[in-house]
Each structure stands twice: as structure tokens, then as C-alpha cells.
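1. When you get a sec, could you give me coordinates for this:
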Amino acid sequence: MSLTTYKWTTSQFHRAIEAGIFEDEPIELLRGNIIIMTPEREPHAYYNAETGDYLRSLLGDRAKIRDAKPITLPNDSELVPDLAIVKPLGTIYLQHHPYPEDIFWIIEFSRTTLSKDLGEKKEIYAEAGIIEYWVANLKKPELKVFREIKNDRYTTELTLTTNTISPLAFPDISLQVDRLIGSAT
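-> So this is what the prediction gives:
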């Protein structure tokens, strides 16, 4: 017996949400597949909130920091990254979630979903043209930074445990890496 799955388009996914089919289920759409999101534990919630506040203090009104809010991508994906740093387009986001061209960079905090964040999600973000993607590994405190897309793949990968990093979109600011990963246990 072969297994056949139903592939959702982004518009079908939106209609199902509007119809109330998922009733506040924590879900995302990855390449047409509906995925139930893993509940976050305390370290994940802590670093997500602290980093969001840290970025707001550094960026001010130059960017909008979206905490666990959807972004719409062209590959039948509507993901809910931990932090999406997006253009401050105001009420345009009443009409649609941020598209790739609206996104400066994305940060995921990962403890139990590390293989998905470093695998399928990284591929989806690169294919969509997200210019920079960071994964804060909370198991082994390190920050993985993915940049420079060629042939729908990130070609540069940095692994940081200390020092500072400047996002591509804001080279004039420096973020302390330990504020993003700390010494999670």
C-alpha cells in the first residue's frame, strides 16, 4: 500500500484557517504539509523573549520584531519563526504576513527541533530568498548563521559561541552572541 498525502497551497491553508478548521492549533505549513509545532520549554521562551527585547532596543523603529508570527513564502510554506526581523511596513501587515522581500533576517531558537531547523527550514528559507537565517542552538550554546544564497542554498555558514555579530541588513549594529545563546542548560 502506498501512502498518499494531500498537499496544501498557501491560499487553501488560509481559507481553512478562516473557516476555523484548526481552532488555535499551533501549526505551520512546510512545502504544502501541515505540521504541528512543538511546544516551547522555558529556555526557548526565555531566549526568544530576551532576544526580541534586545533587538528592539538596538533597532528601534528601523525594523519590526515579530515574535512567533507567520511569514508567507512562495514555496507553499507559511512558517512561524521564533523571531522575524522585518521591514516596518505598518498596516500592510493587515493585508498579508511578511513576504521574503519584507524580511531582513530570521532567528530560530532550537533545542528539540534542531534537525528540522538546520535541515528543512534552512532549505525553505534559502529557496525563498531569505538573505540571512540564524539558529540559536540551546543544547550546545552556539549560534549558526547562514548567509549568501546561490542556487537556492546558503553558501556561508558561521558557528559562533562568543564575540559579536552584525546582521547583513544592519552592519552598523553589533549583537553580543552570548545574549542570544547564553549558557542554556
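
2. can I assume Lys64 is in contact with Lys87?
-> Yes. Assessed by C-beta atoms under 8 Å, Lys64 is found in contact with Lys87 at 7.1 Å. Bear in mind the C-beta positions are built from the backbone N, C-alpha and C, glycine included.

3. mind checking how far the residue nearest the centre of the chain is from Lys69?
-> The residue lying closest to the centre of the chain (C-alpha atoms, centre = their mean) is Pro81, at 3.0 Å. To Lys69, Pro81 is 8 Å away according to C-beta to C-beta, to the nearest Å.

4. Could you list the low-confidence segments of the chain?
-> The model of the chain has pLDDT under 70 over residues 1, 183-185.

5. now the strands for it?
-> Counting by DSSP state E, residue ranges of the strands within the chain are 27-30, 33-36, 64-67, 71-73, 77-79, 83-86, 103-110, 132-137, 142-150, 153-160, 164-165, 175-176.

6. Adding distance to Tyr6 and mean neighbour count, write the ones you listed out as TSV.
-> Listed next are the strands of the chain as TSV, based on distance: least, C-beta to C-beta, whole Å; neighbours: other C-beta atoms under 10 Å:
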stretch	distance to Tyr6	mean neighbour count
strand 27-30	12	20
strand 33-36	9	14
strand 64-67	29	18
strand 71-73	19	22
strand 77-79	16	22
strand 83-86	27	24
strand 103-110	27	24
strand 132-137	28	24
strand 142-150	30	18
strand 153-160	28	13
strand 164-165	41	14
strand 175-176	41	16
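
7. Quick one: closest of those to Glu18.
-> Among the strands of the chain, strand 77-79 comes nearest to Glu18, with 13.2 Å by C-beta to C-beta.

8. Tell me the helices and strands packed up against that closest one.
-> helix 10-18, strand 27-30, strand 71-73, helix 120-128 (3 or more C-beta pairs under 8 Å, 6 or more residues apart in numbering; DSSP states H and E).

9. buried ones in the helix ranked longest in the chain?
-> As assigned by DSSP state H, the longest helix anywhere in the chain is helix 42-59. For helix 42-59, a neighbour-count test (16 or more other C-beta atoms under 10 Å) marks Pro43, His44, Tyr47, Asn48, Thr51, Gly52, Tyr54, Leu55, Leu58, Leu59 as buried.

10. Tabulate the residues you listed (TSV), appending distance to Leu143.
-> Output for the buried residues of helix 42-59, formatted as TSV (distance: C-beta to C-beta, whole Å):
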residue	distance to Leu143
Pro43	14
His44	15
Tyr47	11
Asn48	14
Thr51	10
Gly52	16
Tyr54	13
Leu55	14
Leu58	16
Leu59	18
